[in-house]
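A.B. asks: Got a sequence here, can you build the structure:
(2 chains)
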Amino acid sequence: MYKAPRGTFDILPEEQAYWKYVEDKAVSLCRLYSYQPLSLPIFEDAQLFTRTVGGGTDIVDKEMYVFRDKSGQELALRTEGTAPVCRAYLEHGLFNLAQPVKLYYMGPVFRYERPQAGRYRQHHQFGFEALGDADPALDAEVIQMAWQFFLSLQLSGLSIQLNSIGCKLCRPEYLEALKQHYASYAQRLCPDCEVRLSRNPLRLLDCKKPSCQEIAKTAPKPTEYLCHGCRVHFESVQRYLATLSIPFELNSRLVRGLDYYTRTVFEVEPQGKGGQSSLGGGGRYDELIETLGGNPTPGVGFAAGLERIILNLKAQKRAVRALPRPVAFIAYLGEEAKIEAMKIASELRQAGIPIVMATGDKGLKWQMRQANSSGSRYAVILGKEELANRAVTVRDLGSGEQNSVPMTDIAKTLKRGRE
RNA sequence: GUGAGCGUAGCCUAGCGGUUAAGGCGCCAGGUUGUGGCCCUGGAGAUCGUGGGUUCAAAUCCCACCGUUCACCCCA
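C.D. replies: Residues are numbered from 1 along each chain as shown, chains lettered A, B, ... in the order given. The predicted model follows:
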């Protein structure tokens, strides 16, 4: 027997209401803020990720699904959405549009990890990006959007963690200071942090080991080393957020696991949870498009994990609207009635009424049971008697009331009952 | 990549050394010759994850493998 590959899963009909709920909120949010939909390929040139997300990050070093196609080109299932959005921005000359360009996307992303609660090899992200404008007001807008997204989902107990990690002007100096600080504790570092010290020092800050956290506590903070431009920017972001009444907590150890971030980084997480619980995150990436060969172009964005959102919706027992059910189930008795029933079903569907047409030539009892489990509001019954009268029997499956309805009036009757 | 728990019908679960592996949900049939839901009766459905070992005897004990879940790590 075949099974879905490890870390992947089917979303069965009974689960779909949650997905629809989240997707609808995402789409209406983007409409509200005038972000436009962008659909992206599932795989990209592998280098798109290695060059932007960065070597030394787990995503690139050990989590990419890389393969060669028949031409020998090295491709990768996408590990995130921001770099592909920027690639599309450059490829299609979207820099010629009025800036900033505001886009959103939704779809699967792939990372080769060991699955656990809220972590999969294929998961789904919803993200939005604003390209071509360095205004801190745009950082604030993106954070506000993220926040409003979770509010609209009726999730509670969340917090926004906010930090600034500087730019190419000020970060080198900071990293130097950070390395010096850690160098004096070299023998007390965990093995992972020893590697981080040389490969990706920023990540030293978010090690969860108590012994390393001690060292991180006294470590210099990125915000202490911001250049003038970055400091002013960060202050503005905070001021704008305050103006918009968006709550946030400064977290000087928030660094994010991707290399392309500059200045603002933020994360939305549930209260009192550990490391792997982040619901979404984002930030500014003013150097990313240049890395991809474009003119220097600032950008800021956010992405959220749909599985984790749904996990939290369930944990908080949020009811979601059920998927629509059929209006009527059409039962028939005998071949002649079957043909008439098929015609009626067809007409009703053309009138926009969702119908389940019985099949299988079984008894009425069986058909009624089907009607019941289909969730239909009505059963429409068509047998010899009805054929003779040119009128069907319409039974309300909620109340059990049942009437004879002329064949010409079925649509009208069913529609009336819908209100 | 590391560690721990768990693998019994489509789903949930009982059985934890001894004859035909038990129950609930769901499914099918019947209780109405043309009427669902509730109820009643009956039925189908399980190589007890796979392989090996211990034993007179293994779903039950041991080992390996596979799968899965959770945690670490990292991230959505």
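A.B. asks: any idea which helix or strand carries the closest residue to RNA strand B within chain A?
C.D. replies: Closest contact between chain A and RNA strand B, by C-beta to the nearest atom of the strand, is at A:Gly257 (1.2 Å). Using the backbone N, CA and C atoms, a C-beta is placed for each residue, glycine as well. Assigned by DSSP states H and E, A:Gly257 belongs to no helix or strand.
A.B. asks: Check whether stretch A:344-360 comes into contact with RNA strand B.
C.D. replies: No. Stretch A:344-360 stays clear of RNA strand B (C-beta under 7 Å from any atom of the strand), getting no nearer than 8.8 Å.
A.B. asks: Please apply the same query to stretch A:306-316.
C.D. replies: Yes. Using C-beta under 7 Å from any atom of the strand, stretch A:306-316 comes into contact with RNA strand B via A:307-308.
A.B. asks: in that stretch, what's buried?
C.D. replies: A:306-313 (16 or more other C-beta atoms under 10 Å).
A.B. asks: possible to save these as TSV with pLDDT?
C.D. replies: TSV is the format used below for the buried residues of stretch A:306-316 (pLDDT from 0 to 100):
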residue	pLDDT
A:Leu306	96
A:Glu307	94
A:Arg308	93
A:Ile309	94
A:Ile310	93
A:Leu311	91
A:Asn312	90
A:Leu313	91
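A.B. asks: quick revisit: leaving aside the residues adjacent along the chain, what's closest to the residue of chain A closest to RNA strand B?
C.D. replies: Nearest residue to A:Gly257, sequence neighbours excluded (C-beta to C-beta, 6 or more residues apart in numbering): A:Thr57, at 5.5 Å.
A.B. asks: show me the contacts for that neighbour.
C.D. replies: A:Thr57 makes contact with A:200, A:257-259 under the criterion C-beta atoms under 8 Å, 6 or more residues apart in numbering.
A.B. asks: my guess is A:Trp156 meets A:Lys317, correct?
C.D. replies: Careful, residue A:156 is Ser and not Trp. No. Counting by C-beta atoms under 8 Å, A:Ser156 does not reach A:Lys317; the two are 11.3 Å apart.
A.B. asks: Mind checking which of those two has more residues around it?
C.D. replies: More crowded of A:Ser156 and A:Lys317, by other C-beta atoms under 10 Å: A:Ser156, with 12 against 6.
A.B. asks: A:Ile309 versus the closest residue in space to that one that isn't next to it in sequence, what's the distance?
C.D. replies: The shortest distance from A:Ser156 to any non-neighbouring residue, by C-beta to C-beta, 6+ apart, is to A:Gln316 (6.7 Å). Distance, A:Gln316 to A:Ile309, by C-beta to C-beta, to the nearest Å: 11 Å.
A.B. asks: what is in contact with those two at once?
C.D. replies: A:Leu155.
A.B. asks: re earlier: where does the residue nearest to A:Ser156 land on pLDDT?
C.D. replies: At A:Gln316, the model reports a pLDDT of 88.
A.B. asks: show me what contacts it?
C.D. replies: A:154-157.
A.B. asks: now, which of the residues you listed sits nearest A:Ala130?
C.D. replies: A:Leu155 (23.4 Å; C-beta to C-beta).
A.B. asks: The closest one: neighbouring residues, count only.
C.D. replies: A:Leu155 has 18 nearby residues by other C-beta under 10 Å.
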